[in-house]
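J.: Fold the following and give me the result.
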Amino acid sequence: MTIWFAADHHFQHAKILTFTDENGKRLRPEFENIQDHDNHIIAQHNSRVKDDDIVYFLGDVTWKTNEVAREILAALRGRKRLVVGNHDDVDFLMSTGAFERTYLWKYFPEHNLIASHVPLAERDLKRAKFNVHGHLHEKAVTHVSHNENSIADTITDLRYLNVSMERTKYKPYSLEQIQTMFIE
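T.: Numbers count the residues shown, from 1 in each chain. Predicted coordinates for the structure are as follows:
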């Protein structure tokens, strides 16, 4: 059994295909329409996840609450667990029967990490050294540092890992992959 993490699927969210970064570049340029988008993510998911694997969906799973959303969730392999995102209709998602459990965040003390939708504030990393999250789409958690000449430099905070679809090429990441990405 493998544990997987993925965030920000945005199934059935046609407008996600028009979203851009601060440079005007589309966040999900690979797709002509939302059906191609959804089918691609399902295929990427199912190419990695086996039926007995556990998958943590770190929020913003589906935009619509309809029969198509139910079919999409049923098509995804694995034992699904939901870490609630800001766009999730929890009542609907739980009514599908697709998710075994629901969390606001999930702590993995044996791996020194915590999973959440929104990256946790630095002060909230008391219990875990690392945070796997979504919500930021193409962005990483960064900090501004100053060198000896007081020149500001933006650096990526290596305690955080964003597993939004844009960052993972639409594939879930395994716990083993994630552990190799964090620097002790």
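
J.: residues near Trp4, how many?
T.: 26 (other CB atoms under 10 Å). Any C-beta I mention is one placed from the backbone N, CA and C, and that applies to glycine too.

J.: Now do the SS call for it.
T.: Under the three-state scheme (DSSP: H, G, I helix; E, B strand; the rest coil), Trp4 adopts strand.

J.: beta partners for it?
T.: Here Trp4 sits in beta bridges with Val55, Ser174, as judged by DSSP bridges.

J.: Return the helix or strand in the chain with minimum mean pLDDT.
T.: In the chain, no helix or strand scores lower on mean pLDDT, DSSP states H and E than strand 142-146, which sits at a mean of 70.

J.: For stretch 74-94, which residues meet the burial criterion?
T.: Neighbour counts over stretch 74-94 (16 or more other CB atoms under 10 Å) mark 76-85, 88, 93 as buried.

J.: any low-confidence regions in this protein?
T.: Residues of the chain meeting the criterion pLDDT under 70: 144-153, 183-184.

J.: repeat that for 80
T.: Judged by pLDDT under 80, the chain has its weakly predicted residues at 143-155, 183-184.

J.: Kindly list the longest helix within the protein.
T.: helix 34-48 (DSSP state H).

J.: Report all helices and strands that that one contacts.
T.: The elements that helix 34-48 packs onto, with contact taken as 3 or more CB pairs under 8 Å, 6 or more residues apart in numbering; DSSP states H and E, are helix 67-75.

J.: who's in contact with the helix it packs on?
T.: Contact partners of helix 67-75, identified using CB atoms under 8 Å, 6 or more residues apart in numbering, comprise 11-12, 38, 42, 46, 61-62, 80, 92-93, 96, 98.

J.: what separates it from the chain centre, distance-wise?
T.: Distance of helix 67-75 from the chain centroid (CA atoms, centre = their mean, to the nearest Å) equals 18 Å.

J.: Number the chain from 268, please
T.: Sure thing, new numbering starts at 268, so read that last one as helix 334-342.

J.: So what are the sheet partners of the following helix or strand past it and their directions?
T.: Where DSSP states H and E defines the elements, the next helix or strand beyond helix 334-342 is strand 346-350. If you go by DSSP bridges, strand 346-350 pairs up with strand 321-324 (parallel), strand 366-370 (parallel).
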